[in-house]
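K.L.:
Based on what follows, work out the 3D shape:
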Amino acid sequence: MVDDEQFSYYDSKIKRVIPKTEWIEKSVEQQYWDQQTQDLRGVQQIFKANIGIAMQHFNQTQGDHTFQNMLGCEWDDDTGTTEGFNSHGFDGEDFLVFDMKNTRWISPSPHGSITTQKWNNNQAGLEHLKSSLIQICVERLKKFVSYRRSTLERAVAPEVSLLQKDPSSPVVCHVTGFFPRGIMVTWQRKGEDLYDDVALGETVPNEDGTFQTTSRLTVKDWQTEDYTCNVQHMSLENDIVKRVIEQEIRRNQDIKCK
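P.N.:
From the prediction side, this is the model:
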């Protein structure tokens, strides 16, 4: 992920790394994906071993368990400051945390003491990890940001639809396919902004790197009063205005399966 945007993905079923954004797919050669796939297949085996070790430390012999590793780096392009982080978790709780300042592993859990002692005895490994986080990782981050910059400068207009499960349900204003993320979705009644009976949904990413959001209007008089969903976005010269009328609303029975 770069700035909370997922740009690549791997799992143990597909066993390969795939691009999740247009900007990374266009910016790197196939060799990058081949190398990432090879690396993560190795990491997959390490995870399999680590979850078994963690279960032993926590005196677990069976059941479903989760082992997690979160590592990365941060770069402030205004000040030039950088930071790195690496932590391991078991069943949702911190298990091992890398202390960048003191170049050592610490464990918030007493079950991690054996591992921290072992890893902290490997000074060369500690130094290599630290340099990887604050040098190699930051170099990659800067490169990815430059790749993404051209994509970030684009502006993609949203598509707006009015949806409703049935005539008595709330009317949903569905806005999708827009970029960048910032957008304003409001409701009006007879040209006046409406705040009551309105619920704005979360803005979430689409598979192609664009975004979508929803806003719900809960009123019973939409067939007799003048309601509109209004969308403002930097890609638009004029706001998109959708009148809440029968002809504009799509319902479950209107959507045909292909």
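
K.L.:
This structure: helices as residue ranges?
P.N.:
In the chain, the helices defined using DSSP state H lie at 22-27, 30-57, 113-120, 123-131, 137-152.

K.L.:
Out of the ones you listed, which is the most enclosed?
P.N.:
Mean neighbour count (mean count of other Cβ atoms under 10 Å) peaks for helix 22-27 among the helices of the chain, with a mean of 17. Any C-beta I mention is one placed from the backbone N, CA and C, and that applies to glycine too.

K.L.:
Between the two ends of stretch 103-113, what distance do you get?
P.N.:
16 Å (Cα to Cα, to the nearest Å).

K.L.:
ok, and what's touching that stretch?
P.N.:
54, 57-58, 90, 93-99, 115-116, 119-120, 126-127, 130 (Cβ atoms under 8 Å, 6 or more residues apart in numbering).

K.L.:
if we can go back for a sec, include distance to Cys173 and mean pLDDT when you put the helices of the chain into JSON lines, please.
P.N.:
Formatted as JSON lines, the helices of the chain follow (distance: least, Cβ to Cβ, whole Å; pLDDT from 0 to 100):
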{"stretch": "helix 22-27", "distance to Cys173": "26", "mean pLDDT": "89"}
{"stretch": "helix 30-57", "distance to Cys173": "38", "mean pLDDT": "93"}
{"stretch": "helix 113-120", "distance to Cys173": "51", "mean pLDDT": "93"}
{"stretch": "helix 123-131", "distance to Cys173": "48", "mean pLDDT": "95"}
{"stretch": "helix 137-152", "distance to Cys173": "26", "mean pLDDT": "88"}
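
K.L.:
would you turn those helices into JSON lines with distance to Ile14?
P.N.:
Formatted as JSON lines, these follow (distance: least, Cβ to Cβ, whole Å):
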{"stretch": "helix 22-27", "distance to Ile14": "16"}
{"stretch": "helix 30-57", "distance to Ile14": "10"}
{"stretch": "helix 113-120", "distance to Ile14": "30"}
{"stretch": "helix 123-131", "distance to Ile14": "28"}
{"stretch": "helix 137-152", "distance to Ile14": "22"}
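
K.L.:
So which of these is nearest Gln164?
P.N.:
helix 22-27 (32.4 Å; Cβ to Cβ).

K.L.:
If you count contacts, what does that closest one end up packed against?
P.N.:
For helix 22-27, the helices and strands in contact under the criterion 3 or more Cβ pairs under 8 Å, 6 or more residues apart in numbering; DSSP states H and E are helix 137-152.

K.L.:
Show me what the helix it packs on packs onto, helices and strands only.
P.N.:
Using 3+ Cβ pairs under 8 Å, 6+ apart, helix 137-152 is in contact with helix 22-27, strand 67-75, strand 82-90.

K.L.:
ok, now with 6 Å
P.N.:
helix 22-27, strand 67-75 (3 or more Cβ pairs under 6 Å, 6 or more residues apart in numbering; DSSP states H and E).

K.L.:
roughly how far out does the longest one sit from the chain middle?
P.N.:
Read that as strand 67-75. 14 Å (Cα atoms, centre = their mean, to the nearest Å).
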